[in-house]
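# Return a 3D structure for these sequence lines:
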Amino acid sequence: MRSDATSHTRRRAAVATAVVVLACAAGCSYRPESPFSGLTPAQARAVSAERAAARDDVLRADLRSALDRRRPRNVLILSGGDADGAFGCGVLDGWGRRPGGRPRFDVVTGVSTGALIATFAFLGEPADHAALRAVYTTVRDRDVFTGPFDLGPPNSVFDTTPLRRLIAAAVTPEVFRRVAAAHADGRRLYVSTVELESGETYVWPLSKLAYDAVGPAGGTASESDPGLARFRDVLLAAAAIPVLFPPVEIDRGLHADAGLREAVTLRRFMLGLRRAAALAVGADGTDGGATDDGAAGPPVVWAIVNGKLRGPPETVGNNVASIGVRSLTLYTESLVLLSLRDAAHVAGARGAGFRFRWICEPDDLDPRAGGSVLPAMFDPAVTRQLYAAGEGLGGSGSWHDGPPPLDADADTDAAPDVPEMNAAEGVARDTTP
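Next comes the predicted model:
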């Protein structure tokens, strides 16, 4: 999920040994407030399934209220990537500067750092791009976390009190009000977390949360608004890298970075209900989608990957540490690749008919070359380069089409790069009754 996965993995692996030692010393402990406390495995599964069904009902009802009469034209999904989120911010900025600008997204989802970007990508005004640029090109480790192993929480290596302050400064009551207004206009914002006890991915309807707090009359919000506090808590949880950062307790659950389960979030119901898809197809069989400059064309799922899909080959020492770091790097790359392919197949499935376009950091981008053994996670010298690279690619419209290939040397199942979108290209009709 990052442009130099090895450098980030090395940092995480370096603290792993200390974590294991502390875990062994601490022994096993359980939260008495856990909804699974005292249950048998079968009972725990039943509770988890019941809670998941309730969440799905809320999500589907939320989408139905927006998409009963129309299907979304543009869906944006943002991956994780820690500081490499600067790349995605640059893509959005450069894209917005193209002639005609970028489309207004009907649905936006985010994982990890993508969750932090998602609110401002969803709002999409020049001031929102400026806010992302101001944060992602200047923030340092001390602005995100303190530690390791200081007087912070006992459930992580670092303390993210600085990140909580950073989120509060960025997600103001006015931003919260604007998200609610966008929801009232039929658009939807979602971010994902993993609840550690159940292992389930939670997709949080953040725009609904804002709308429910502000109200249909479009009122105002204040710093003391419980809805705003909950909105911020979800964002903090979405960025909580397990072990390194503390999970966030929400509704008796321990929530952390959804990157444990998926690199990007896309669900079929986010692409519109069958009835809405049928209504959206005109008598001539065309569909009301959009190109990268907002013109008519097929509907599109746009994916921004905050990192590379594959790192370069590298030497591996015949020892536990070197093998472990390299293995974790390859696992992370695989999670990103397979999540992206899964999203592409969801978008192109029968009855969906979305075009899938994605962008990631180029292979020759290496801002961390020659770095230290334990590089800073957030270094403005690095994030400025990432931002500039993304800005250039976003401005040039350099998107890939279709699912990414599984093998770097076999591009047989993905379409070639298509800098510009052909607005005249048709889209499969939904023939499902």
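# can we go C-alpha only for contacts and neighbour counts from here?
Noted.
# Torsion angles phi and psi at residue 158?
The phi/psi pair for residue 158 (degrees, to the nearest 10) reads phi -120, psi 160.
# pull the longest helix from this structure.
Counting by DSSP state H, the longest helix found in the chain is helix 320-348.
# Enumerate the positions of it that are buried.
If you call a residue buried by 16 or more other C-alpha atoms under 10 Å, then helix 320-348 has these buried ones: 325-326, 328-329, 332-348.
# in the stretch 1-150 of the chain, which spans are strands?
Along the stretch 1-150 of the chain, the stretches classed as strands by DSSP state E, counting those that start in this stretch are 74-78, 107-111.
# who's in contact with the closest residue to residue 83 other than its chain neighbours?
Excluding the flanking residues, the one nearest residue 83 by C-alpha to C-alpha, 6 or more residues apart in numbering is residue 378, at 5.5 Å. By C-alpha atoms under 8 Å, 6 or more residues apart in numbering, the contact set of residue 378 is 83, 139, 140, 141.
# Most neighbours out of the residues you listed, which is it?
residue 83 (27 neighbours; other C-alpha atoms under 10 Å).
# Verify the stated contact: it with residue 383.
Yes: Residue 83 lies in contact with residue 383 (C-alpha atoms under 8 Å); the separation is 6.6 Å.
# Overlap of the contact sets of the two?
residue 136.
# Go ahead and report the secondary structure state at residue 254.
strand (DSSP: H, G, I helix; E, B strand; the rest coil).
# so how many other residues sit close to it?
Residues near residue 254, counting by other C-alpha under 10 Å, number 19.
# same question, the one 3 residues further on
By the criterion of other C-alpha under 10 Å, residue 257 has 30 neighbours.
# quick one, what contacts it?
Here residue 257 is in contact with 111, 112, 192, 193, 194, 237, 238, 239, 240, 241, 242 (C-alpha under 8 Å, 6+ apart).
# possible to save these as TSV with secondary structure?
TSV is the format used below for the contacts of residue 257 (three-state DSSP):
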residue	secondary structure
111	strand
112	coil
192	strand
193	strand
194	strand
237	helix
238	helix
239	coil
240	coil
241	coil
242	coil
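# Just give me the closest of the residues you listed to residue 216.
residue 192 (25.1 Å; C-alpha to C-alpha).
# wait, isn't the closest one in contact with residue 114?
No: between residue 192 and residue 114 there is no contact under C-alpha under 8 Å: 9.6 Å.
# Low-confidence regions, the stretch 51-200 of the chain specifically.
Across the stretch 51-200 of the chain, the ranges flagged by pLDDT under 70 are 69, 149-153.
# Can you show me the helices along it?
In the stretch 51-200 of the chain, the segments counted as helices under DSSP state H, counting those that start in this stretch are 85-96, 113-123, 126-136, 141-144, 161-170, 173-184.
# Figure out which of those is closest to residue 307.
Using C-alpha to C-alpha, the helices of the stretch 51-200 of the chain put helix 85-96 closest to residue 307, at 7.7 Å.
# elements contacting the closest one?
helix 113-123, helix 126-136, helix 380-396 (3 or more C-alpha pairs under 8 Å, 6 or more residues apart in numbering; DSSP states H and E).
# just so I know, which of the ones you listed lies nearest residue 220?
Judging the helices and strands packed on helix 85-96 by C-alpha to C-alpha, what sits closest to residue 220 is helix 113-123, at 16.9 Å.
# separation between the nearest residue to residue 255 once chain neighbours are set aside and residue 159?
Among residues not flanking residue 255 along the chain, residue 195 sits closest, at 4.5 Å (C-alpha to C-alpha, 6+ apart). Separation of residue 195 from residue 159 (C-alpha to C-alpha, to the nearest Å): 19 Å.
# Return, as residue ranges, the portions of the stretch 251-400 of the chain with sub-threshold pLDDT.
Where the stretch 251-400 of the chain drops to pLDDT under 70, the residues are 273-296, 350-352, 368-374.
# Please, where are all the helices along the stretch 201-350 of the chain?
Using DSSP H, counting those that start in this stretch, helices in the stretch 201-350 of the chain cover 206-214, 226-238, 274-280, 320-348.
# Reformat those helices as a markdown table; add distance to residue 246.
As requested, these are arranged in a markdown table below (distance: least, C-alpha to C-alpha, whole Å):
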| stretch | distance to residue 246 |
| --- | --- |
| helix 206-214 | 21 |
| helix 226-238 | 8 |
| helix 274-280 | 40 |
| helix 320-348 | 20 |
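# between these, which one is nearest to residue 358?
The nearest among the helices of the stretch 201-350 of the chain, by C-alpha to C-alpha, is helix 320-348 at 8.5 Å.
# ok, then the element right after the closest one?
strand 355-359 (DSSP states H and E).
# deepest of the strands of the stretch 1-150 of the chain, which one?
strand 107-111 (a mean of 29; mean count of other C-alpha atoms under 10 Å).
# Please name the strands paired to that one in the sheet, noting orientation.
Partner strands and pairing direction for strand 107-111 (DSSP bridges) are strand 74-78 (parallel), strand 188-195 (parallel).
# Please export the C-alpha coordinates of it as PDB.
This file holds the C-alpha atoms of strand 107-111, laid out as PDB (Å, rounded to 0.1, in the frame of the first residue of the first chain):
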ATOM      1  CA  VAL A 107     -20.000   7.600  -4.100                       C
ATOM      2  CA  VAL A 108     -16.600   7.900  -2.400                       C
ATOM      3  CA  THR A 109     -15.000   5.200  -0.300                       C
ATOM      4  CA  GLY A 110     -11.700   5.100   1.600                       C
ATOM      5  CA  VAL A 111      -9.500   2.700   3.500                       C
END
